[in-house]
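In: After the sequence you'll find the predicted model.
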Amino acid sequence: MQRRTFLAGAAALSGATLASLPAAWGANKLEKQKVAIAVGGKNLFYYLPLTIAEQRNYFKQEGLSVEISDFAGGSRALQAAVGGSADVVSGAFEHTLLLQAKHLAFREFVLQGRAPQIVLTVSKKTLPGYRTIADLKGKKIGVTAPGSSTAIMATFVLAKAGLSAKDVAFIGVGAGAGAIAAMQSGQIDALACVDPVATRLERAGVVRVVSDTRTLADTRTVFGGDMPAGCLYASQRFITAYPNTTQALTNAIVRALKWLQSASGEALANTVPAAYLLGDRALYLDAWQHVKEAMSPDGLMPADGPATALKTLQAFDPVMQGKTIDLAQCWTNDFVKKALANVHA
């Protein structure tokens with residue numbers, strides 16, 4: 001009786017009715033109600049489904065009490081999970097491959113982004129005569145954090161041009177105001193970033209875009225195939241010990257993805273925290289149009305996605321070169337398929 005009362009109260013708080021809730025909601029007892037999620041740059045569109053699930057109370061409606069810790073970049077969020085201070089990471093899929101190479105078993109269980117959304121830009125101030133990627137040799141490139149997905153994308157683009165990470169200096173500048181300030185002040189010569197930061201700098205006339213992965217077509221041009229991006233992943237130990245909790249997390253994210261497919265820009269801007277708008281609502285809505293296609297419509301991993309991610313890492317990362325990676329151990333669609341059968345936005 002107490003559980004039913006709690007769940008009904010959570011639904012009322014969100015403005016939902018019991019009829020609109022997932023059919024499987026509450027069917028399986030959660031092994032773990034309190035879940036700590038680590039993320040690197042929560043304000044970015046890259047992690048938008050996580051924010052929507054939080055703001056629209058989808059986690060609460062699944063019976064979860066979620067604590068989200070925001071770090072300077074995805075690599076820092078990963079470290080939190082490896083160190084045990086976080087249960088789950090909202091981060092880049094390729095990190096599961098890097099972890100397996102280090103004999104750590106982590107698995108993606110719901111995809112948030114089907115394109116990385118990362119944009120490599122160069123400063124018009126410090127590189128006015130920029131012509132090709134080769135011009136970045138010896139320059140400072142801003143990334144959210146060393147080892148993050150922004151650094152991975154930039155390193156891959158450099159590798160395609162015959163440069164390595166040793167040919168440049170990667171500078172961690174965060175995911176928001178710090179990145180913008182670093183570029184505007186001339187502290188960095190290039191920046192690998194995600195919207196709305198990219199659109200903000202482009203609109204201001206501060207940068208020029210030299211490589212873009214905000215659309216599926218551009219992503220395939222850069223990576224040669226579908227490149228999975230943001231996802232929820234956790235240690236295999238967590239998933240095995242808490243399958244119902246993992247399912248509840250998946251349900252919430254899938255509901256968020258379905259909501260994003262039909263939500264208007266105005267509805268989105270009214271849902272996210274005001275700070276995410278960077279003081280410019282119109283710009284935020286414009287940036288959303290740039291990346292909307294990159295959101296996964298259903299949470300499913302694309303068939304060729306894991307292989308594309310592995311090929312990307314092996315192109316430049318000595319840790320991955322020559323390593324045998326069992327891709328099947330790095331992801332699963334099982335939880336998403338169950339969610340799609342029962343979850344409604």
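Out: Done, it's in.

In: any idea how far the spatially most central residue of the chain lies from residue 199?
Out: Of all residues in the chain, the one closest to the mean position by Cα atoms, centre = their mean is residue 230, 2.8 Å from it. Going from residue 230 to residue 199 by Cβ to Cβ, to the nearest Å gives 18 Å. Bear in mind the C-beta positions are built from the backbone N, C-alpha and C, glycine included.

In: same question, residue 223
Out: 22 Å.

In: cool, and residue 286?
Out: According to Cβ to Cβ, residue 286 stands 6 Å off from residue 199.

In: Quick check: residue 209 is in a helix.
Out: No: under DSSP: H, G, I helix; E, B strand; the rest coil, residue 209 sits outside any helix and is assigned strand.

In: ok, residues contacting the helix or strand hosting residue 79?
Out: Per DSSP states H and E, residue 79 falls inside helix 74-83. Contact with helix 74-83 is made by 38-41, 69, 71, 86-92, 95, 99, 104, 106, 144-149, 151, 234-235, as judged by Cβ atoms under 8 Å, 6 or more residues apart in numbering.

In: Would you mind listing where the stretch 1-150 of the chain has pLDDT under the threshold?
Out: Residue ranges of the stretch 1-150 of the chain with pLDDT under 70: 1-27.

In: Please report phi then psi for the residue lying closest to residue 331 once chain neighbours are set aside.
Out: Spatial nearest neighbour of residue 331, excluding adjacent residues (Cβ to Cβ, 6 or more residues apart in numbering): residue 108 at 4.2 Å. Main-chain torsions, residue 108, degrees, to the nearest 10: phi -80, psi 140.

In: tell me, how many neighbours does residue 108 end up with?
Out: Per other Cβ atoms under 10 Å, the neighbour tally for residue 108 reads 28.

In: what's across from it in the sheet?
Out: Bridge pairing for residue 108 (DSSP bridges) gives the partners residue 233, residue 331.

In: returning to what we had before: touching, the residue nearest to the centre of the chain and residue 47? I think so.
Out: Yes: the pair residue 230 / residue 47 is scored as a contact, 5.7 Å apart, by Cβ atoms under 8 Å.

In: who touches both of the two?
Out: Common contact partners of residue 230 and residue 47 (Cβ under 8 Å, 6+ apart): 90, 112.

In: Let's see the pLDDT reported for the residue nearest to the centre of the chain.
Out: Residue 230 is assigned a predicted lDDT (pLDDT) of 96.

In: Who are the contact partners of it?
Out: Residues near residue 230 by Cβ under 8 Å, 6+ apart: 46, 47, 49, 90, 91, 92, 93, 111, 112, 113.

In: Save these as TSV, and put in secondary structure and neighbour count too.
Out: As requested, the contacts of residue 230 are exported to TSV (DSSP: H, G, I helix; E, B strand; the rest coil; neighbours: other Cβ atoms under 10 Å):
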residue	secondary structure	neighbour count
46	helix	33
47	helix	25
49	helix	30
90	strand	29
91	strand	34
92	strand	32
93	coil	25
111	strand	29
112	coil	29
113	strand	27
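
In: Strands of the stretch 101-250 of the chain, residue ranges please.
Out: Secondary structure of the stretch 101-250 of the chain (DSSP state E, counting those that start in this stretch): strands at 106-111, 118-123, 140-143, 169-172, 190-194, 207-212, 230-235.

In: Could you break the chain into its assigned domains?
Out: 2-115+227-342, 118-212 (automatic domain parsing).

In: so which of the ones you listed gets nearest residue 219?
Out: Residue 219 sits nearest to domain 2-115+227-342 of all the domains of the chain, at 4.2 Å, using Cβ to Cβ.

In: what's the neighbour count on the nearest residue in space to residue 141 that is not next to it in sequence?
Out: In this structure, residue 141 finds its nearest non-sequential neighbour in residue 190, 4.5 Å apart by Cβ to Cβ, 6+ apart. Neighbour count of residue 190, defined by other Cβ under 10 Å: 28.

In: go on, residue 167?
Out: Taking other Cβ under 10 Å as the neighbour definition, residue 167 ends up with a count of 14.

In: My read is that it contacts residue 138, right?
Out: Yes: between residue 167 and residue 138 a contact is recorded at 6.9 Å, counting by Cβ under 8 Å.

In: Give the full set of residues in contact with residue 190.
Out: Residues in contact with residue 190 (Cβ under 8 Å, 6+ apart) are 120, 121, 122, 123, 127, 136, 139, 140, 141, 142, 154, 210.

In: now those in JSON lines, with distance to residue 180 and neighbour count?
Out: Converted to JSON lines, the contacts of residue 190 look like this (distance: Cβ to Cβ, whole Å; neighbours: other Cβ atoms under 10 Å):
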{"residue": "120", "distance to residue 180": "16", "neighbour count": "26"}
{"residue": "121", "distance to residue 180": "11", "neighbour count": "24"}
{"residue": "122", "distance to residue 180": "15", "neighbour count": "24"}
{"residue": "123", "distance to residue 180": "12", "neighbour count": "25"}
{"residue": "127", "distance to residue 180": "17", "neighbour count": "17"}
{"residue": "136", "distance to residue 180": "20", "neighbour count": "23"}
{"residue": "139", "distance to residue 180": "18", "neighbour count": "17"}
{"residue": "140", "distance to residue 180": "15", "neighbour count": "19"}
{"residue": "141", "distance to residue 180": "15", "neighbour count": "25"}
{"residue": "142", "distance to residue 180": "10", "neighbour count": "27"}
{"residue": "154", "distance to residue 180": "17", "neighbour count": "26"}
{"residue": "210", "distance to residue 180": "18", "neighbour count": "18"}
